[in-house]
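Student: coords please:
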Amino acid sequence: MPDIKIEGTDGDRFNSCQVIYSQFSLAIHQNDYQARRRFIEWAQNEIAVVPDFHKRILFSDEAHFWLNGYFNKQNCRIWSEANPQVYIETPLHPEKLTVCCALWAGGIIGPNFFKNDEGHNVTVNGDRYRAMITNFFIPELNNRDVQELWFQQDGATCHSARATIDLLKDTFGDRLISRFGPVNWPPRSCDLTPLDYFLWGYVKSLVYADKPQTLDHLEENIRRVIADIRPQMLEKVIENWTSRLDYIRASRGSPMPEIKFKM
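Tutor: As a prediction, this is how the structure comes out:
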């Protein structure tokens, strides 16, 4: 199992933590390269006009955290021109939390845990996602002194449903980066989302250290680890995003060879 080592900006070093990687295969479509190049060109043009534009994007995503430590697709992906034949070992009856966060240079909104009215943990669907946006995300955003932020989400069905897009446009207008949004988010671009290339792997490398035995304990660990992430680390994560734009542009839209992040 590979180690993840993350070094702080002030020279201190976090303890390296072993992470169990699951494998998730992504078949790259020929049109993906063009979509990624178009997005890179758009983003870099925005940065040329507004140098801190990349610091004004709220990147959002969801992830599963299994109680037994099983890792979901967020931790590792296999890139291939054809869909690789990869077998994924999963628990028969997994207990898990589904977590949503939004990350930007100024902080993290979340975590939000998807639960039903009885307080039981549930997975995300369109109705639950829109309820989270309405009841959690927008109030949290309104409580912060931020203006003119952009919002990014990937192309998951619950994200790109017409009702969801309309809801987000009510808040962000044209400052929405999404499938079917004013600015199109390129498919299969986990190497461009800071939650995929940094946050989920970093959090999962720490929350299982004390071997939580209950979902409540696991939830407490997730909240604590995310709350402890320092602003300097987030600044580095977002600066790394601009380097990724350069790499992908130079490679004509090809995916980056790794999803790990180094400070």
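Student: which residue ranges form the strands in the chain?
Tutor: 3-4, 17-18, 24-27, 57-66, 77-80, 96-104, 107-113, 150-152, 176-177 (DSSP state E).
Student: what's the closest of those strands to Gln213?
Tutor: Ranking those by proximity to Gln213 (Cβ to Cβ) places strand 57-66 first, at 13.0 Å. Just so you know, the C-beta spots here come from the backbone N, C-alpha and C atoms, and that holds for glycine as well.
Student: Show the secondary-structure elements that the closest one is packed against.
Tutor: When contacts are defined as 3 or more Cβ pairs under 8 Å, 6 or more residues apart in numbering; DSSP states H and E, strand 57-66 packs onto strand 96-104, strand 150-152, helix 200-207.
Student: can you tell me which of the strands of the chain comes nearest to Trp241?
Tutor: Using Cβ to Cβ, these put strand 57-66 closest to Trp241, at 8.3 Å.
Student: now the closest one, how far from the centre of its chain.
Tutor: Relative to its chain's centre, strand 57-66 lies at 4 Å (Cα atoms, centre = their mean, to the nearest Å).
Student: Any chance you could list what contacts it?
Tutor: 72, 74, 91, 94-104, 109, 114, 123-124, 141, 149-154, 156, 177, 193-196, 199-200, 204, 207, 218, 222 (Cβ atoms under 8 Å, 6 or more residues apart in numbering).
Student: What residue, apart from its backbone neighbours, is nearest Leu168 spatially?
Tutor: Nearest residue to Leu168 in three dimensions, chain neighbours excluded: Leu176, at 5.3 Å (Cβ to Cβ, 6 or more residues apart in numbering).
Student: How many residues are close by the one you found?
Tutor: Neighbourhood size, Leu176 [other Cβ atoms under 10 Å]: 19.
Student: how much space is there between Asn112 and Pro257?
Tutor: Distance, Asn112 to Pro257, using Cβ to Cβ, to the nearest Å: 32 Å.
Student: Those two: which has the busier surroundings?
Tutor: Asn112 (18 against 10).
Student: Could you give the number of residues near Gln152?
Tutor: 23.
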